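In: pasting the sequence and the predicted model now:
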Amino acid sequence: MFSFVFAQGDKRYFKHRVVNKLDDELGDLQSDTQDRQRIIMVQLEEALLELEDVAIRAGIAVATLDAFIAMGIVSQEFRMKKPQLVEDNIIVIKNGRHILQSLTVDNFIPNDTLITPEKPLSLITGPNSSGKSIYLKQIGIIVYLAHIGCWVPCDHAIIGITDRILTRIKTNESIAASQSAFVMDLTQINKMLKLRTPRSLCLIDEFGKGTSPLDGMALLAAIIEDMVKSPSKTVIVMHFIEILINNVIEDQCMRSINCFRMDTVQEFPSDDDLDQPSVPLYKLKFGVGHSSEGIECARKMGVDEATLARAAHIRAAMIDNRPIEPLKSTAWAKESHRQLLHIVFNTDWTNADEALISQLRSLL
């Protein structure tokens, strides 16, 4: 009935005569099936390799057709216009829109863009959260879409042939990168200055804010002058209005620069609560913004009024070049708080005992 097959340790393995009969008649079906699958896959791979070129060309054709159909549908649905590509090194956009941002807000104000060989550089100032960075990206998107054959989100566009779009817009900080945020900003700017040509579009968003204001201002002013002396189509968003107010850039360079500011044109109440503060809308106009309105932006973000009042006092004192008055707060004038600070800064915490912990608790 049973026949011995093999032994493993203290175990013995046997086969029944029925199993032996099945082995003789059918064999190992699983192995046979796997072998057959491998043969079929090899045959299929060989057949596909013979058609590799045809498959690649078909895939490219289908992908291209899909892209054209998508661009056509988007252009129709979002009222996009056919751009005019020209050899002249200019960018003229009438009522341009950021195609994605305009879909996420209830009210979006379009803006114009004008870059010419006579004035190839535009400086944009204005309050925080006024849409400067969105406007900067909007220009890059419109120029890019025009060059890939898509219609663009605006009323009218004349786009000069552009060989590359170089940006200093966003720095992603990471502990894995052995560079500070400012060093990464400098790396982007350095590559931009080396790679740009007169046909390039350079977009710079708030360069210089990662270091001291004086150094940041000096570097940005030097970059602006370099961009003018070896011109590329350039748009720079900045908060260093002192560069313009104090005439840091030489007059000859300023003749090649257009200065714009984001100016409040409308205010809408919040849709959720009409009693809430209004939401300002901004439009690009000629001129220089006089304030970043950082304190007002902090108020909208919920920073407490005591901190805002102190910030306003410090700002006014620095503008008027007068001493900053000390905080008139009684909270830190309490003797218990002074004792607490003295203990914290003069204690060897490696030898702290329960008595010291109890003393600290009594002062809190």
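Out: Received, thanks.

In: mind listing what's buried along the longest helix anywhere in the chain?
Out: As assigned by DSSP state H, the longest helix anywhere in the chain is helix 52-77. Within helix 52-77, the residues scored as buried using 16 or more other CB atoms under 10 Å are 71, 75. Heads up, the C-betas are built off the backbone N, CA and C, glycines and all.

In: so where's the stretch 201-350 of the chain shaky on pLDDT?
Out: Where the stretch 201-350 of the chain drops to pLDDT under 70, the residues are 266-279, 291-292, 327-337.

In: coming back round to it: what lines up beside the helix or strand following the longest helix of the chain in the sheet?
Out: Per DSSP states H and E, helix 52-77 leads on to strand 84-86 as the next helix or strand towards the C-terminus. Partner strands and pairing direction for strand 84-86 (DSSP bridges) are strand 156-160 (parallel).

In: mean confidence for the strand it pairs with?
Out: Per-residue confidence for strand 156-160 averages out to 95 on the pLDDT scale.

In: same for whichever helix or strand comes after that strand, what does it pack against?
Out: Read in the C-terminal direction, the helix or strand following strand 156-160 is strand 165-168, with elements assigned using DSSP H and E. Applying 3 or more CB pairs under 8 Å, 6 or more residues apart in numbering; DSSP states H and E, we find strand 165-168 packed against helix 132-147, helix 181-195, strand 201-205.

In: and the longest one, C-alpha only, in PDB?
Out: Backbone C-alpha positions of helix 132-147 (Å, rounded to 0.1, in the frame of the first residue of the first chain) are rendered in PDB as follows:
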ATOM      1  CA  LYS A 132       2.500  89.000  -6.800                       C
ATOM      2  CA  SER A 133       3.800  85.400  -6.900                       C
ATOM      3  CA  ILE A 134       0.600  84.200  -8.700                       C
ATOM      4  CA  TYR A 135       1.200  86.900 -11.300                       C
ATOM      5  CA  LEU A 136       4.800  85.900 -11.800                       C
ATOM      6  CA  LYS A 137       3.800  82.200 -12.300                       C
ATOM      7  CA  GLN A 138       1.000  83.300 -14.600                       C
ATOM      8  CA  ILE A 139       3.500  84.900 -17.000                       C
ATOM      9  CA  GLY A 140       5.600  81.700 -17.100                       C
ATOM     10  CA  ILE A 141       2.500  79.500 -17.700                       C
ATOM     11  CA  ILE A 142       1.200  81.600 -20.500                       C
ATOM     12  CA  VAL A 143       4.600  81.700 -22.300                       C
ATOM     13  CA  TYR A 144       5.000  78.000 -21.800                       C
ATOM     14  CA  LEU A 145       1.500  77.100 -23.100                       C
ATOM     15  CA  ALA A 146       2.100  79.300 -26.200                       C
ATOM     16  CA  HIS A 147       5.300  77.500 -27.000                       C
END
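
In: mind listing what the closest residue to Ser180 other than its chain neighbours touches?
Out: If you skip the residues right next to it in sequence, Ser180 has Gly210 as its closest partner in space, 7.1 Å away by CB to CB, 6 or more residues apart in numbering. Under the criterion of CB atoms under 8 Å, 6 or more residues apart in numbering, the contact partners of Gly210 comprise 171, 180-182, 185, 216.
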